[in-house]
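Chemist: Build me a structure from this.
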Amino acid sequence: MAIALICGKKGRTYTAGLTLVELMVVVAMTALLSALLLPALSTAKERSRRAVCKSNIYQLFLAVNMYTEADPNKDMPSCADNKGYYHSIILSDSVFSNLVDLAGGNSNIFYCPNVVFGSGPSAVPQHIQNIGQVIGYSYLVANFNGSPKSPDYTVQPAKWPSSGTNELLADANYWTPPGSGGSGPFPALMKVAPHTPMGAAMSQSSSFTVGLPGLSSASIGAVGGNIGFIDGHVDWLPLPRMQTNYASFPSDDAYGAW
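Modeler: Purely as a prediction, here's the structure:
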């Protein structure tokens, strides 16, 4: 507290500032308030981003629906990458471009607001040369033709509605197990957890994490995800209610939860 002191015959006024003890009290109170408020602010930010994420998935559903309605055979957009392999979070360049056009040119809806592409040495690029466009959600349409053990199998477009799954789109709770990376587009032991209690799990400024402990999205804090269903509704599901499924085939043998 500043104190005014009047000294001498001329009535000069001097101001005494905070003492060291008072300054330390102010600093300690500021640190305490920050420690109390920052988690609450982070949690509120995560709730708002889950709402944006839910809206994105619904907009993606509309784009997929428009694509299917315009197709003479009512085929849904292919889930194959540029090489013809199934990968739930990679779209071929042609499918990605067509869906962006149907979405009015808005490519942002393909990315959960918590998904971040880093720039470090092991970062996952947003576009992988000769493979396709990495998106921020899992696209869950799959229709395999031939033996999955054969190198010449193909991924056929699925009809609307998909006979294979009731889930169409999902947050990318995604991981590559030991020994699976390197041959495919993603490194081994990569994990994605877009929604922890306070946002995405991060390493090396990316949500495609490498080097964090554990073998799945749950191990780095994933608590659930938004799921878009074939009838158009979108629900938030906690992680215990999700199932583990193959998210790529056969190049990575990666897994996802939806």
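
Chemist: what about residue 46, which helix or strand?
Modeler: Using DSSP states H and E, residue 46 maps to helix 20-70.

Chemist: pLDDT averaged over that helix, what's the number?
Modeler: Mean pLDDT, computed over helix 20-70, is 81.

Chemist: Next secondary structure after it?
Modeler: Using DSSP H and E, the helix or strand that follows helix 20-70 towards the C-terminus is strand 86-87.

Chemist: Show me the contact partners of that following strand.
Modeler: By CB atoms under 8 Å, 6 or more residues apart in numbering, the residues outside strand 86-87 that reach it are 79-81, 131-132, 142, 144, 155, 184-185, 247-249, 251-252, 254. No exception for glycine: its C-beta is placed from N, CA and C like everyone else's.

Chemist: what do you get if the cut-off is 7 Å, keeping everything else the same?
Modeler: Under the criterion CB atoms under 7 Å, 6 or more residues apart in numbering, residues 79-81, 142, 155, 248-249 lie in contact with strand 86-87.

Chemist: What of stretch 59-67?
Modeler: Residues outside stretch 59-67 that contact it (CB under 7 Å, 6+ apart): 76-77, 98-99, 102-103, 109-110, 137, 168-169, 228, 232.

Chemist: Repeat that for stretch 68-76.
Modeler: 64, 141, 157-160, 162.

Chemist: Just the buried residues of those residues.
Modeler: In terms of neighbour count (16 or more other CB atoms under 10 Å), the buried residues within those are 64, 141, 157-158, 160, 162.

Chemist: Which of those residues fall within helices?
Modeler: The helices in this structure, assigned by DSSP state H, contain residue 64 from those.

Chemist: and the nearest residue in space to residue 220 that is not next to it in sequence, how many residues sit next to it?
Modeler: Take residue 220 and drop its neighbours on the chain: the residue closest to it by CB to CB, 6 or more residues apart in numbering is residue 201, 4.1 Å away. Neighbour count of residue 201, defined by other CB atoms under 10 Å: 23.

Chemist: picking that back up, Throw the contacts of strand 86-87 into JSON lines and include distance to residue 218, neighbour count and pLDDT, thanks.
Modeler: As requested, those are arranged in JSON lines below (distance: CB to CB, whole Å; neighbours: other CB atoms under 10 Å; pLDDT from 0 to 100):
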{"residue": "79", "distance to residue 218": "24", "neighbour count": "27", "pLDDT": "92"}
{"residue": "80", "distance to residue 218": "28", "neighbour count": "23", "pLDDT": "91"}
{"residue": "81", "distance to residue 218": "26", "neighbour count": "25", "pLDDT": "92"}
{"residue": "142", "distance to residue 218": "23", "neighbour count": "20", "pLDDT": "84"}
{"residue": "155", "distance to residue 218": "28", "neighbour count": "22", "pLDDT": "82"}
{"residue": "248", "distance to residue 218": "19", "neighbour count": "23", "pLDDT": "87"}
{"residue": "249", "distance to residue 218": "22", "neighbour count": "18", "pLDDT": "78"}
